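Student: need the 3D shape of this:
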Amino acid sequence: MSQANGRKSIFITGAASGMGRETARLFAREGWFVGAYDLQEGLLASLRDEIGGDNGLFGRLDVTDREAYRAAIATFAEATGGRMDILFNNAGIGRGGPYEDMAWEDVMAVINVNLVGVISGVHLALPLLKATPGSLCFSTSSSSATFGMAGIAVYSATKHAVKGFTEALSIEMKAHGVRVADTLPGLIDTPLLPDEAKEAAPKEGMWRLVPATAVAEAVWGAYHTDKIHWYVPPELHEFDTQATAAPEAVRDAMAASGGVLGGAENQAQPS
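Tutor: Numbers count the residues shown, from 1 in each chain. Take a look at the predicted model:
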């Protein structure tokens, strides 16, 4: 008998804190077997203490290390009897600033973690997802994938790419019974968000501060429906529609505001 003992299972990257941690907590409470992976080993240990060692796997994983990723998935497969009901590509970093001032090493780090790490993880996990009836491939995109935001140009580019990747795979994987979806979070309240940013956040509207549990609930909702994009909060869908219909107007409004929304998004990431 596998360690999961017949339970449904979720593999989460970036699971030690923020949105990933809240997702691990929620699914554990619902009786799922949780694979929690991150670079922050101390926080992973505390998550293991909270959830219980019999209810998951907790391991260090650099999503840019393909062989380490392959090994983590293989270990997870052994523990679940070859199942993966959800792959949650959540790991991400948010280095920013004016693009012209960014060090090239930071540019490539954002691309390698936020985009290549997602593409690599999906590629490695697909055999398990295809072997699991009703499985879901879920990724963290961003509200900066609604319209590119000043101060986080490379971050925005990776999140636009994740959104497009999600849409393309949602078509391709339909033939295999694998659903593909993403979340586009706005300003999320996590321990990494500075207190001054929390205090400056508006009290209402699409850029209000939202708890990380809202993203966990989006992952849960995505498993139980066929919806592709999960906006957190939901009002961000309206902004996405506006940005598509009138990109010049959105550009001019954001330029006039000094890129304030971009600054808020940058402080909210990584989750």
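Student: CA atoms for contacts and neighbours, from now on please.
Tutor: OK.
Student: gap between the residue nearest to the spatial centre of the chain and residue 166?
Tutor: In the chain, the residue lying closest to the centroid (CA atoms, centre = their mean) is residue 140, at 2.4 Å. In this view, residue 140 and residue 166 are 10 Å apart by CA to CA, to the nearest Å.
Student: shared neighbours, the two?
Tutor: Common neighbours of residue 140 and residue 166, using CA atoms under 8 Å, 6 or more residues apart in numbering, are residue 182.
Student: all helices of this protein, in order?
Tutor: With helices called from DSSP state H, the chain shows them at 18-29, 41-51, 66-80, 104-111, 117-131, 153-172, 195-200, 213-223, 236-245, 247-256, 260-268.
Student: where are the low-confidence patches of this structure?
Tutor: Of all residues in the chain, those with pLDDT under 70 make up the ranges 1, 192-194, 259-271.
Student: 50 instead, please
Tutor: When residues are selected by pLDDT under 50, those of the chain lie in 262-271.
Student: quick one on the thing from earlier: which residues touch the residue nearest to the centre of the chain?
Tutor: Contact analysis of residue 140 by CA under 8 Å, 6+ apart lists 88-91, 162, 182-185.
Student: try it again at 7 Å.
Tutor: Counting by CA atoms under 7 Å, 6 or more residues apart in numbering, residue 140 makes contact with 89-90, 182-184.
Student: so how far is residue 6 from residue 82?
Tutor: In terms of CA to CA, residue 82 sits 11 Å off from residue 6.
Student: of these two, who's got more company?
Tutor: Counted by other CA atoms under 10 Å, residue 82 and residue 6 do not tie: residue 82 has more neighbours, with 17 against 13.
Student: neighbours around the closest residue to the more buried one other than its chain neighbours, how many?
Tutor: Nearest residue to residue 82, sequence neighbours excluded (CA to CA, 6 or more residues apart in numbering): residue 128, at 6.3 Å. For residue 128, the count of nearby residues is 21 (other CA under 10 Å).
Student: now residue 226
Tutor: When neighbours are counted by other CA under 10 Å, residue 226 comes out with 13.
Student: quick thing: my sequence starts at 52, can you match it?
Tutor: Yes, from this point I'll number from 52; that puts the last item at residue 277.
Student: hang on, the earlier thing: got the contact list for the residue nearest to residue 133?
Tutor: 133-135.
Student: for those, give me a markdown table that also has distance to residue 299.
Tutor: Formatted as a markdown table, those follow (distance: CA to CA, whole Å):
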| residue | distance to residue 299 |
| --- | --- |
| 133 | 49 |
| 134 | 46 |
| 135 | 42 |
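Student: which among those gets closest to residue 83?
Tutor: residue 135 (10.9 Å; CA to CA).
Student: doesn't residue 163 make contact with residue 115?
Tutor: Yes. Using CA atoms under 7 Å, residue 115 is in contact with residue 163, at 6.1 Å.
Student: stretch 218-229: end-to-end distance?
Tutor: 13 Å.
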